[in-house]
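>>> let me see the structure of the following:
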Amino acid sequence: MTIPRLRGAALATVTLVAVGSMVAPGSADAAPGDPAAPRYSAGAASVGDPYFPDEGNGGYDVQHYDLNFSYDPATRLMAATATITATAMHDLDQFNLDFRGPEISSLTVDGHAHDFTRDGQELVVTPRPKLKTGQAFTVVVRYAGVPGLITDPDGSIEGWVPTDDGAFVVGEPQGTPAWLPANDHPTDKATFRFTAKVPEGLTAVGNGQLLSQQTRDGWTTFIWDSTEPMASYLATITIGKFEVTESTTPSGIPVYVAVDPRQVAGSAAAVAQIPRMIDFFSSTFGPYPFASTGAIIDRAPDVGYALETQTKPVFSGSASVGTMAHELAHQWYGDSVSPERWSDIWLNEGFATYAQWMYTEYNGGASVSQTFNSSSNYGRAPSSSFWQIVLADPGPEDMFSNIPYNRGAMTLHALRGKVGDDTFFRILREWASSHRHSHAATADFIALSERASGQDLKAFFDVWLFQKGKPTTW
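Predicted structure coming up:
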């Protein structure tokens, strides 16, 4: 995500297949008189992330989401079928999905209609027959209506945001359940396919590769396929009137860019540099982690931020060169390597901000050291409130303030000075490669930095990550 978030009549059907358990099971019961019988319990209703206590679920691990839907901007009605594939991680007699979307008309598990209840964002499913450990299963949820907005602790909005010609679809950190039942936490990644039917003249742009586009009877259907694992908050299927260009980077990566005609002039410089950015970051951080890249530049004035949706960052207004670099750097740090808990957000935003600083220097602008020492960064007075929040635990109200961004980037630059360029860039490349298409925590990065440098960095990270106040010695 990019500052200025600083975040100061249709029927839908969803099919879920779940696999694996993210959280320890609840209480279990065995069949009377048969000690060898499977013990069943409910999957946990949360993964236990303190920033968003209701987010995510336990007992299964999603493998794939397949959402087939229609959307009419004139009525804002959504009609969809979603298929999600997964595996049970323990014997389940109940499991939850995160869903705040429209009214559900039916739900099936492996083709059998099943009972369900809704409690806040929790969609509680009671499968019969029960699910055994290791069993793959498919859930189909049918729902219809107007998908909604989610307001975050900092007052910003996300979810399915209607625009004057479609919808701007963003999900960080909790917006995807506004339109898709999901295991909505970065620790459960899955592949995605979207089949989107929209009025002729509009374009639906999703993650991954465009498999087909067909117009019939006044509607156009787009099929997008994302074959690499993705956190649900990084999913998008943004709809509107777009000018589309397709190209490749010098290294051969396909580039798909969709720009609202009103944003073309203001975004031209940023769009032109996408191939150069991808190749620069690839040479610095290691191979680009996905099969395609691009951008979606829309007009959503009520949103006010950009987001690193996987393979195609979305922008709510014209894209600057710096913002484009930030969001594309997230493809390595935030998308491929996602945070284990939302308190680890500096691993996303600090890394992308530092990459933005490096690209600015590479592009002939201020050096990284100059940016580090500027009045917006280390040049701030020790009394500034900027230094009074713990970077490694900023809280949900400040997780998209400039603290994880700027202080996160400063932490990396200070580390670079501490361990030297060769070791520092080896750390960045190993971080991207060892956690590729997975997730990791602050403790993992500290361990990697100490291992790669051969130094005891406890005092360094303590002052930069875990203490309030402006660091003076490290």
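
>>> how deep is the closest residue to Pro177 other than its chain neighbours tucked in, by neighbour count?
Setting aside the residues directly before and after it, Pro177 is nearest to Asp98 in space (C-beta to C-beta, 6 or more residues apart in numbering), at 4.2 Å. Just so you know, the C-beta spots here come from the backbone N, C-alpha and C atoms, and that holds for glycine as well. Summarising burial for Asp98: neighbours were counted as other C-beta atoms under 10 Å, giving 27.

>>> need phi/psi at Asp98.
Dihedral pair for Asp98: phi -90, psi 120, per degrees, to the nearest 10.

>>> try Phe99
Dihedral angles of Phe99 (phi, psi; degrees, to the nearest 10) stand at phi -160, psi 120.

>>> equivalent analysis for Thr309, please.
phi -50, psi 140.

>>> just give the number of residues close to it.
Applying the criterion other C-beta under 10 Å, we find 29 residues in the vicinity of Thr309.

>>> what sits opposite the residue nearest to Pro177 in the beta ladder?
Glu122, Ala182 (DSSP bridges).

>>> surely it meets Gln121?
Yes - the pair Asp98 / Gln121 is scored as a contact, 5.2 Å apart, by C-beta atoms under 8 Å.

>>> joint contacts of the two?
Asp54, Glu55, Pro177 (C-beta atoms under 8 Å, 6 or more residues apart in numbering).

>>> now, these that are in strands?
Within those, no residue falls in strands by DSSP state E.

>>> among those, which one is most surrounded by other residues?
Pro177 (27 neighbours).

>>> pLDDT score assigned to the residue nearest to Pro177?
As predicted, Asp98 sits at a pLDDT of 98.

>>> picking up where we left off before, among the shared contacts of Asp98 and Gln121, which one lies nearest to Gly286?
When the shared contacts of Asp98 and Gln121 are compared for distance to Gly286 (C-beta to C-beta), Glu55 comes out closest, at 29.8 Å.

>>> can you pull the contacts of that closest one?
For Glu55, the contact set (C-beta under 8 Å, 6+ apart) comprises Ser46, Val47, Asp49, Asp98, Gln121, Pro173, Gln174, Asp184, His185.

>>> thought the first one was touching Gly59?
No - in this structure, Ser46 is not within contact of Gly59 by C-beta under 8 Å, at 11.3 Å.

>>> so between the two, which is more surrounded?
Between Ser46 and Gly59, counted using other C-beta under 10 Å, the more crowded position is Gly59 (30 against 18).

>>> where's the more buried one relative to Val125, distance?
10 Å (C-beta to C-beta, to the nearest Å).

>>> can you check Pro153 too?
Distance from Pro153 to Val125, by C-beta to C-beta: 28 Å.

>>> tell me which other helices or strands the helix or strand hosting Ala265 touches.
Here Ala265 sits within helix 264-272, counting by DSSP states H and E. With contacts defined as 3 or more C-beta pairs under 8 Å, 6 or more residues apart in numbering; DSSP states H and E, helix 264-272 has these neighbours: strand 254-259, strand 293-297, helix 321-329.

>>> in the first one, what's buried?
By that I understand strand 254-259. For strand 254-259, burial by neighbour count (16 or more other C-beta atoms under 10 Å) applies to Val255, Tyr256, Val257, Ala258, Val259.

>>> any idea of the mean pLDDT for that strand?
Here the average pLDDT along strand 254-259 is 98.

>>> picking that back up, for the residue nearest to Pro177, give me its contacts.
With C-beta under 8 Å, 6+ apart, Asp98 has these contacts: 54-57, 121-123, 176-177, 181-184.

>>> now do the SS call for Phe400.
coil (DSSP: H, G, I helix; E, B strand; the rest coil).

>>> now the phi/psi pair for it, please.
Phi and psi for Phe400, reported as degrees, to the nearest 10, are phi -120, psi 20.

>>> count the neighbours of it for me.
28.

>>> am I right that it is in contact with Ser156?
Yes - look at Phe400 against Ser156 with C-beta under 8 Å: they come within range, at 7.1 Å.

>>> which residues in the stretch 251-400 of the chain form strands?
Using DSSP state E, counting those that start in this stretch, the strands of the stretch 251-400 of the chain run over 254-259, 293-297, 306-307, 314-315, 337-339.

>>> may I have the beta-bridge partners of Arg118?
Using DSSP bridges, the bridge partners assigned to Arg118 are Leu123.

>>> now do the contacts for it.
Arg118 touches Phe99, Ile104, Val124, counting by C-beta under 8 Å, 6+ apart.

>>> for the protein, longest helix please?
If you go by DSSP state H, the chain has its longest helix at helix 346-362.

>>> identify each buried residue in that helix, please.
346-360.

>>> by how many degrees do it and helix 321-329 diverge?
Angle, helix 346-362 to helix 321-329, by axes from the mean of the first three to the mean of the last three C-alpha atoms, to 10 degrees: 130 degrees.

>>> tell me which strands and helices helix 346-362 is in contact with?
Short answer (3+ C-beta pairs under 8 Å, 6+ apart): helix 346-362 packs on helix 274-285, helix 321-329, strand 337-339, helix 368-372, helix 408-419, helix 442-453.

>>> state the distance from Asp302 to Lys468.
Applying C-beta to C-beta, the value for Asp302 to Lys468 is 34 Å.

>>> which one of those two has more residues nearby?
Neighbours were counted for Asp302 and for Lys468 using other C-beta under 10 Å; Asp302 has more, 12 against 9.

>>> just checking, that one touches Gly159?
No - using C-beta under 8 Å, Asp302 makes no contact with Gly159, being 11.8 Å away.

>>> what is in contact with those two at once?
Counting by C-beta under 8 Å, 6+ apart, nothing touches both Asp302 and Gly159.
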